[in-house]
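Chemist: A predicted structure for the sequence below; I have some questions about it.
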Amino acid sequence: MRPQAPVPLTLEEHRELGRELRAANARLQELYKVVVGVYGPNNQASFTFLKVAENLGRLCQDLQAQAAQDLPGYSVDGFYL
C-alpha cells in the first residue's frame, strides 16, 4: 500500500504560521541581544542563541518556498520573511 500524499497547508494556515514565526523570530532576536549584552559574543550560550536564530531564519526561508509550492497563483511574498 502506498503512503497517502500529504495535504498542503491552506492559504490561511500559511499566513497564520508565518505570523507566529515572524513574531517568534523577532522575540528571539531581542533575547539574543540580551544574552550577548550580559555574557558577551564569545560565550557558549550566546553562540547557541545565534545558531538557533540562524536555524529559525532557515526554517522561515524553507517555509516561504513551501508556501510558493503549495499555493501556485497566489502572492505569498512576506508570509515568513
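Modeler: That came through fine.
Chemist: tell me the pLDDT at the spatially most central residue of the chain?
Modeler: By CA atoms, centre = their mean, the chain has its centre lying nearest to Cys60, at 3.1 Å. For Cys60, the pLDDT comes out at 96.
Chemist: Ala5 too?
Modeler: 81.
Chemist: With the one 3 residues further on instead?
Modeler: Confidence per residue is given as pLDDT, and for Pro8 that number is 96.
Chemist: How about Val52?
Modeler: Note on Val52: pLDDT of 96.
Chemist: Can you list the buried residues in the helix or strand harbouring it?
Modeler: If you go by DSSP states H and E, Val52 is part of helix 44-70. Buried residues in helix 44-70, counted by 16 or more other CB atoms under 10 Å: 46, 49, 57, 60, 63-64, 66-67, 70. Yep, even glycine has a C-beta here, placed from its N, CA and C like the rest.
Chemist: will you turn those into TSV that also has distance to Lys33?
Modeler: Below are the buried residues of helix 44-70 laid out as TSV (distance: CB to CB, whole Å):
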residue	distance to Lys33
Ser46	10
Phe49	9
Gly57	15
Cys60	19
Leu63	24
Gln64	24
Gln66	29
Ala67	29
Asp70	34
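Chemist: Which single one of those is nearest to Pro6?
Modeler: Asp70 (9.9 Å; CB to CB).
Chemist: Report the contact partners of that closest one.
Modeler: 8-9, 14 (CB atoms under 8 Å, 6 or more residues apart in numbering).
Chemist: can you put these in JSON lines and add distance to Asp77 and secondary structure?
Modeler: Formatted as JSON lines, the contacts of Asp70 follow (distance: CB to CB, whole Å; DSSP: H, G, I helix; E, B strand; the rest coil):
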{"residue": "Pro8", "distance to Asp77": "18", "secondary structure": "coil"}
{"residue": "Leu9", "distance to Asp77": "16", "secondary structure": "coil"}
{"residue": "His14", "distance to Asp77": "12", "secondary structure": "helix"}
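Chemist: Give me the phi and psi for the nearest residue to Arg15 once chain neighbours are set aside.
Modeler: Using CB to CB, 6 or more residues apart in numbering and skipping residues adjacent in sequence, the residue nearest Arg15 is Phe79, 6.2 Å away. Backbone torsions for Phe79, taken as degrees, to the nearest 10, come to phi -60, psi -40.
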